[in-house]
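Undergrad: Structure for this input, please:
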Amino acid sequence: MKGVAGSKESNDCLITIESSNETKIEINSIVGAFFYDQIYSTIENTLKNENITDVHVIVEDKGALDYTIKSRLLTAIERMREDV
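TA: Okay, the predicted model is just below:
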């Protein structure tokens with residue numbers, strides 16, 4: 001199962017989520033030096049709120065704000081659930 005949402009445009013992010021043996025979050029961000037921990041926390045908290053474990057999340061961030069990251073992740077989660 002896999003879901004993708006977003007884009008690589010400025011101020012957006014592309015999020016890919018797929019089933020895995022463990023929860024892994026991979027972040028590639030143009031602002032990672034400053035906001036890596038905040039991006040990680042947004043992803044981690046959203047996964048917890050949705051009761052999702054054992055997934056691999058890849059974030060290609062181009063300066064997206066927290067609410068954009070969260071909405072992209074939620075959309076990717078829905079698409080992953082539909083990919084059965």
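Undergrad: low-confidence ranges in the protein?
TA: Flagging of the chain using pLDDT under 70 yields the residue ranges 84.
Undergrad: Can you show me the strands along it?
TA: 2-6, 13-19, 24-29, 55-61 (DSSP state E).
Undergrad: got a markdown table for these, with distance to Glu78 too?
TA: For the C-beta atoms, the positions are set from N, CA and C on the backbone; glycine is no exception. Listed next are the strands of the chain as a markdown table, based on distance: least, C-beta to C-beta, whole Å:
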| stretch | distance to Glu78 |
| --- | --- |
| strand 2-6 | 7 |
| strand 13-19 | 10 |
| strand 24-29 | 18 |
| strand 55-61 | 13 |
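Undergrad: I'd like those as JSON lines, with mean neighbour count and distance to Glu82 appended.
TA: Below are the strands of the chain laid out as JSON lines (neighbours: other C-beta atoms under 10 Å; distance: least, C-beta to C-beta, whole Å):
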{"stretch": "strand 2-6", "mean neighbour count": "18", "distance to Glu82": "8"}
{"stretch": "strand 13-19", "mean neighbour count": "20", "distance to Glu82": "12"}
{"stretch": "strand 24-29", "mean neighbour count": "14", "distance to Glu82": "22"}
{"stretch": "strand 55-61", "mean neighbour count": "21", "distance to Glu82": "15"}
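Undergrad: Figure out which of the ones you listed is closest to Lys70.
TA: Nearest of the strands of the chain to Lys70, taken as C-beta to C-beta: strand 13-19 at 9.8 Å.
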